[in-house]
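Engineer: Quick one, what's the 3D model for this:
(2 chains)
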Amino acid sequence: MSAEALFLSEIAKLKLRVIVRSVHRILLRAALIFLIICTILLTIEKLGFSKFGESVSFYVISVGAALFAALLISFVRRKNFLNVLIDIDTRFKLQDRISTAYEYVKFRKKSDFSDLLIQDAATKLIQLSTKQLFPLKFSFLHLVLLLLILINAALYSSEYLLLGYKSKRADPNKAEKVSTLLRNYTISRPEIKKTEKASQASEYSKKLEHLAKQLDNRSITQDQLFTSLNQFLEEIQAEQTRLAHELDAKLKAARIEEMPILKVPKLENLSVDKLEKFKMLLNRALSNQIPDSIDQNIETLHELHSLEKFLSQIIDDFDESKSFPEEFAEPQGNQTHGSQYTNDLEKAHDDPKSSKNYEEFLSRKKGGTDTAGRAGSDRSQANGRDLEDELGLQQGHSSLAGRAKSTGQKKASDEIEKSPGPGIQDNMMSSQAKNYLVHIRSLTDIGESKLKEEDIIRTYRQEIESILQKEDIPLNYREYIKQYFISIGLETADSSQK
Amino acid sequence: MNINEKAETIQRNYERIVNELAKIIVGQEVLIKHLFTCLLCGGHALIEGVPGLGKTLIVRSLSKILDLKYSRIQFTPDLMPADILGTNIVKEDEKGSRYFEFYKGPIFGQLILADEINRASPKTQSALLEAMQEEKVTVFGTKYHLEPPFMVLATQNPIEMEGTYPLPEAQIDRFFFKLKIDYPDQDQLQEIIAKTTEDYQYELKGVIDTDSILEMKSLVKQVPIASHVKDYAIRLVLDSHPGNAHAIEQIKEYVLFGASPRGVQSLILAAKVSALIDGRYNVSIEDINDVAKPALRHRIALNIRGETEGIDVDDIVGEILSNVQTQ
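Structural biologist: Residues are numbered from 1 along each chain as shown, chains lettered A, B, ... in the order given. Sure, this is the predicted structure:
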């Protein structure tokens, strides 16, 4: 091989190496630019100004822009191959042998010494290995790249760790609130007769109590609580189905279906209200002589319905909070979403409509037949009417206390609450069931009452009596209920005197 | 003899000269190298140094080694151009008729030592101009070619300025190199004492002849030089001008005018010889750097401020080199 051919083959190797290095630099620059973009945008995202990370197009555009910019920079800063050779000459103290030889070969310059020069340059090039010519240096750019990778990893991992932590650790306020709700429920549960069903119900109570304890001790994560509640709900639903079948069988056995005035609905699909209504109708049909087994069965079903609704409510709340986990991390003023969730629960607790189920559980302590908790609920009334329609019975309108018009003018509940005067005080609120939220419509306008207290009480008493007269209340219960309301009125009178 | 052998001959001849001169000259390797470079480039050198450093001895020894016709001209204020060039004298033949015959002056040698050149009047100094530039002299309208290789080695004393005539810029530019003889160090002085005050016998031999010198001269211009090296030399010269955009502050402050195009010619040619001496077949930037000071120092003229502040042109050239390398 001639000196020139040898030299050219070495130059070709160098050129290949230069191309590889150029590609490496382009990729390095592109990676740097991409990571810089990511760092800036992630920081912006962390600061809460905008959101980019979830969009695929964001990454595609970023990578494209980085590659384009890297290509542009490489094009602007591209080095002539001759300059690469000069750099090699300088680094290896070759005294411009390679660059001069390349120039003489490339431009076909003639000199008496050119052959000698090319041969000399080829010899020198062969002596140098590729690693020597293009050493793998850990440059400043690599250091910056490493730093950016670490920064980005930290930014990403912090997000995930935070999410993981937040998803694993139940919010203390929320946990406390849920624990209180569970405990309240178990405390306020009605006294169930000492039967085999009662033992099952107490088992559920124990479970609720256990969950409440776990939340108190912080020994359960949010996910675990969620799973437990779900399992518990499924268990209750299964039990509900079983009990419905059992009740159906018992009703059949008691030949209830054969009664002309009662049509047994599908018990599995009955809501709490319908079930209650059904029990009321059954009671009426059987002249208040429902067999104990059936009565207890209905009670337990009712109990399970209530429990199911209660659990569904909590699970729904959890579902909402789990659907937007990132919101937990984002502060809104001084209030986090965790506390927002707690507030939601509080609202649910305070709001008569949303906390209906919960209140319903609490109302159960007054007895399975106590419908005061449903007073003022249009839906429950409608449900009752639906059931009556379904059963083919028209028993007349049941006007509950507080529904009667006093002035012929309807007032909003909040207005009623604000209305001063003793006439607006709900006596039932003084009882243990302060969460009944049953409002007896004010007889006066909002503001200072001009009526005497005795007049207001009298009006109420008359109204109650008229309701009792109209209401389809079992005969033996009428007097009892009447006495109850009278006792409330007397109590109010006593307290007002005091 | 192929080109490779010719190139090797240059290196070998240089080593011979150095070794031969080492018999009588102590140290001064750089000076000897630059003198050899001047010889191969067909240039002339102005040697500057205080008295007693062996300027004359070096030139005389070199003439013996190179086997060249040696002439020495001692420049004095009353020296006339004719004393250098020669003159027509009236002669009478056998028939009694008179005629002019040109009597060649000392310039008609091959290696001319113009000792203390700054002591002669500018008129006399200028008598060297044509000879140095065109290697010919014109006397009474008749041109006389000088025998190649023709080389003027002028010396001057930088300290004794009284009664001297500084060389005009036009003349000084014609010198290929301005060389400086450094003061010998202790070891070199020991050796000098040993060689001059004791019974030291030496005999200088001619190591190369005129033909060899001419052959070597013809090779010098063939040495390849890359474009970027040429660019470097050009930038170096341009940067010596105070009006240049890339000129350093020192140039702008202390320099009246920079190097002429002869400067870059000197740089390139001298670098080529330097490469051949080094056994290479191409000129490198290091070669340019090696010859930058002798090639440029006499071509950069200091202004009044530079002169009064005693600025050394070598320092300025050094700064230019540093500046050009970082560009």
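Engineer: make it CA atoms for all contacts and neighbour counts henceforth
Structural biologist: Fine.
Engineer: Tell me where chain B has helices.
Structural biologist: B:3-21, B:29-41, B:55-66, B:81-85, B:122-134, B:169-172, B:186-197, B:210-220, B:227-238, B:249-254, B:261-277, B:285-296, B:304-308, B:313-326 (DSSP state H).
Engineer: looking only at pLDDT, what's the mean for the last one?
Structural biologist: In this model, helix B:313-326 carries a mean pLDDT of 87.
Engineer: So which residues make contact with stretch B:260-279?
Structural biologist: Residues from elsewhere that reach stretch B:260-279 (CA atoms under 8 Å, 6 or more residues apart in numbering or on different chains): B:7-8, B:10-11, B:14, B:37-38, B:40-41, B:173-174, B:176-177, B:220-221, B:223, B:225, B:230, B:233-234, B:237, B:281-284, B:287-288, B:290-292, B:295-296, B:299.
Engineer: Chain A next: which of those residues are close?
Structural biologist: Restricting the contacts of stretch B:260-279 to those near chain A by CA under 8 Å from any CA of the partner chain leaves B:Val223, B:Ile225, B:Tyr281, B:Asn282, B:Val283, B:Ser284.
Engineer: Just name the most buried of the helices of chain B.
Structural biologist: The highest mean neighbour count among the helices of chain B, using mean count of other CA atoms under 10 Å in any protein chain shown, belongs to helix B:261-277: a mean of 25.
Engineer: so where's the stretch 351-498 of chain A uncertain?
Structural biologist: A:351-450, A:468-475, A:489-498 (pLDDT under 70).
Engineer: right, and A:Ala3 touches A:Lys124 too?
Structural biologist: No. The criterion here is CA atoms under 8 Å, and A:Ala3 misses it with A:Lys124 at 11.8 Å.
Engineer: for the stretch 151-300 of chain A, what spans make up the helices?
Structural biologist: A:172-188, A:196-217, A:222-253, A:272-285, A:292-323 (DSSP state H, counting those that start in this stretch).
Engineer: which two in the ones next to chain A among the contacts of stretch B:260-279 are spaced the farthest apart?
Structural biologist: Spanning the widest gap among those are B:Val223 and B:Ser284, at 10.8 Å by CA to CA.
Engineer: what about these two, which has more around it?
Structural biologist: A side-by-side neighbour count of B:Val223 and B:Ser284, using other CA atoms under 10 Å in any protein chain shown, places B:Ser284 first with 29 against 22.
Engineer: Listing request: residues of the stretch 51-200 of chain B with sub-threshold pLDDT.
Structural biologist: In the stretch 51-200 of chain B, residues with pLDDT under 70: B:160.
Engineer: Could you check the pLDDT of the most centrally placed residue in chain B?
Structural biologist: By CA atoms, centre = their mean, chain B has its centre lying nearest to B:Ala45, at 1.3 Å. Turning to B:Ala45, the model gives it a pLDDT of 92.
Engineer: show me what contacts it?
Structural biologist: B:Leu35, B:Cys38, B:Met151, B:Val152, B:Leu153, B:Ala154, B:Phe175, B:Phe176, B:Phe177, B:Lys178, B:Leu179.
Engineer: Mind listing the residues bridging to the fourth one?
Structural biologist: Residues in a beta bridge with B:Val152, per DSSP bridges, are B:Ile112.
Engineer: now do the last one
Structural biologist: Taking DSSP bridges, one obtains B:Ile47 as the residues bridged to B:Leu179.
Engineer: That one: how many residues sit nearby?
Structural biologist: Residues near B:Leu179, counting by other CA under 10 Å: 24.
Engineer: and if you look at the fifth one?
Structural biologist: Residue crowding around B:Leu153 was assessed by other CA under 10 Å; the count is 26.
Engineer: thinking again about what came up before, out of the helices of the stretch 151-300 of chain A, which comes closest to A:Val20?
Structural biologist: So among the helices of the stretch 151-300 of chain A, helix A:292-323 is nearest, using CA to CA, at 47.9 Å.
Engineer: Give the buried residues for the closest one.
Structural biologist: A:294-315, A:317-318, A:321-322 (16 or more other CA atoms under 10 Å in any protein chain shown).
Engineer: how about B:Phe108, what does it touch?
Structural biologist: So B:Phe108 contacts B:Ser71, B:Leu85, B:Leu146, B:Glu147 (CA under 8 Å, 6+ apart).
Engineer: for the third one, what are its contacts?
Structural biologist: So the one you mean is B:Leu146. Counting by CA under 8 Å, 6+ apart, the residues that B:Leu146 touches are B:Phe108, B:Gly109, B:Gln110, B:Ala131, B:Glu135, B:Lys136, B:Val137.
Engineer: CSV for those, including distance to A:Arg77?
Structural biologist: Formatted as CSV, the contacts of B:Leu146 follow (distance: CA to CA, whole Å):
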residue, distance to A:Arg77
B:Phe108, 59
B:Gly109, 58
B:Gln110, 55
B:Ala131, 52
B:Glu135, 51
B:Lys136, 54
B:Val137, 56
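Engineer: of these, closest to chain A?
Structural biologist: B:Glu135 (27.0 Å; CA to the nearest CA).
Engineer: Grab the nearest non-local neighbour of the closest one.
Structural biologist: Nearest non-adjacent residue to B:Glu135, counting by CA to CA, 6 or more residues apart in numbering or on different chains: B:Leu146, 5.4 Å away.
Engineer: measure that neighbour to B:Val152 for me?
Structural biologist: 12 Å (CA to CA, to the nearest Å).
Engineer: go on, B:Glu94?
Structural biologist: From B:Glu94 to B:Val152 the distance is 39 Å (CA to CA).
Engineer: Settle it for me: which of the two has more neighbours?
Structural biologist: Legend: neighbour count by other CA under 10 Å for B:Glu94 and B:Val152, higher for B:Val152 (28 against 6).
Engineer: And the residue of the stretch 1-150 of chain B closest to chain A?
Structural biologist: For the stretch 1-150 of chain B, CA to the nearest CA, closest residue to chain A: B:Ile3, 6.7 Å.
Engineer: which ones are touching that residue?
Structural biologist: A:Asp112, A:Phe113 are the contacts of B:Ile3 under CA under 8 Å, 6+ apart.
Engineer: What does B:Ile208 show for phi and psi?
Structural biologist: B:Ile208 adopts backbone torsions of phi -140, psi 150, taken as degrees, to the nearest 10.
Engineer: Name all residues that make contact with the closest residue to it other than its chain neighbours.
Structural biologist: Nearest non-adjacent residue to B:Ile208, counting by CA to CA, 6+ apart: B:Leu66, 5.3 Å away. The neighbours of B:Leu66, taking CA under 8 Å, 6+ apart as the test, are B:Gly206, B:Val207, B:Ile208, B:Asp209, B:Thr210.
Engineer: before we move on, what about A:Asp96?
Structural biologist: Taking CA under 8 Å, 6+ apart as the test, what A:Asp96 contacts is A:Ile86, A:Asp89, A:Thr90, B:Ala226, B:Asn282, B:Val283, B:Ser284, B:Ile285.
Engineer: How about A:Glu10?
Structural biologist: Counting by CA under 8 Å, 6+ apart, A:Glu10 has contacts A:Ala122, A:Leu125, A:Ile126.
Engineer: For chain A, name the helix or strand with the lowest mean pLDDT.
Structural biologist: Lowest by mean pLDDT, DSSP states H and E among the helices and strands of chain A is helix A:326-329, with a mean of 37.
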